[in-house]
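>>> from the sequence below, what's the structure:
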Amino acid sequence: MNKTVLITGASSGIGKAAAHYFAKNNWNVIATMRNPEKEKELNLYENVLVTELEVTEEDSIHSAIQQGIDQFGKIDAVINNAGYGQQGIFEAVTQEKIKAQFDVNVFGVMNVTRAILPHFRAHNSGTVLNITSGAGRVTTPLLSIYSASKFAVEGFSESLAFELNSQNIKVKIVEPGYIATSFYERANEEFAFDPTLEDYKDFSEEMASFFKSFEGGDNLFSSNDVAKVIYTAITDDTNQLRYTAGPDIEPLFEIRNSKPDQEYVDYLRKIFMPNGFKN
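Alright, predicted model coming up:
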């Protein structure tokens, strides 16, 4: 009997690439998204169920899970992929935008995880895989809210892994670096801007130029590359917690893991504030 995976945010980017990859490797796929009526590719697979799931609405989550069980009999893994990146100077990000970021990126992950756990416990097996980010372990300017949400998911996942190990349920984390997807299009649309914050003008422009330099680089992963890492994480039959998905962030992780904390912070300051910083 083929195994089944439920994927949130499968309408584009990493989520869609993962849905294609698992389907082609003979997994049943419950490809969930907010607007399934717009999907034109995944519903061509016989082993893919395309259905609605909004991570902030419990009824929607339970409905998608039940549809998947009704069609495929059992769910073996959940990939919490749905999310977006709030960017901008912290003072420019409104309270409403902060709440929306955490509602999707953090509480959405928790909502889906809570909903699937009774099913996993009933079968004494299952895997919860959470997509975080390189920004969930290494911070950058203009990403304070997004990084905070991903740091939260990292902490949640690490602690949850200890609890669920007692139920023979695995927890995995995949940390993508910069991936050229529509994720960044939405991030640009959601970018927080406040014209009254003139004090940040020079710094913001410098950082915008810095991040623009990452686009189109040779040292980047594609969505398909990340999908392969996700597949490995779910199928490698190990208790490994974290998987890095992108050579661009590996050097930063190495520095974070190998240097004293202040040395690591000073290193990043030299990158993001090359003209010096105030002590």
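>>> distance of the closest residue to residue 193 other than its chain neighbours from residue 141?
In space, and not counting its chain neighbours, residue 193 is closest to residue 92: 5.8 Å by CB to CB, 6 or more residues apart in numbering. All C-beta atoms are positioned from the backbone trio N, CA, C, and that covers glycine. Distance, residue 92 to residue 141, using CB to CB, to the nearest Å: 12 Å.
>>> those two: which is more packed in?
The neighbour count for residue 92 versus residue 141, taken as other CB atoms under 10 Å, is higher for residue 141 (21 against 18).
>>> can you give me the pLDDT of residue 222?
pLDDT, residue 222: 92.
>>> so how far is residue 34 from it?
From residue 222 to residue 34 the distance is 24 Å (CB to CB).
>>> now the strands for this protein?
4-7, 28-33, 48-52, 77-80, 127-131, 170-176, 242-245 (DSSP state E).
>>> what packs against the first one?
Which is strand 4-7. Using 3 or more CB pairs under 8 Å, 6 or more residues apart in numbering; DSSP states H and E as the contact test, the elements touching strand 4-7 are helix 13-24, strand 28-33, helix 58-72, strand 77-80.
>>> quick check: angle from the second one to helix 13-24?
For strand 28-33 and helix 13-24, the angle between their directions (axes from the mean of the first three to the mean of the last three CA atoms, to 10 degrees) works out to 160 degrees.
>>> which other residues reach strand 28-33?
Here strand 28-33 makes contact (CB atoms under 8 Å, 6 or more residues apart in numbering) with 2-11, 15-16, 19, 22-23, 39, 42, 45, 47-53, 64-65, 67-68, 71-72, 75.
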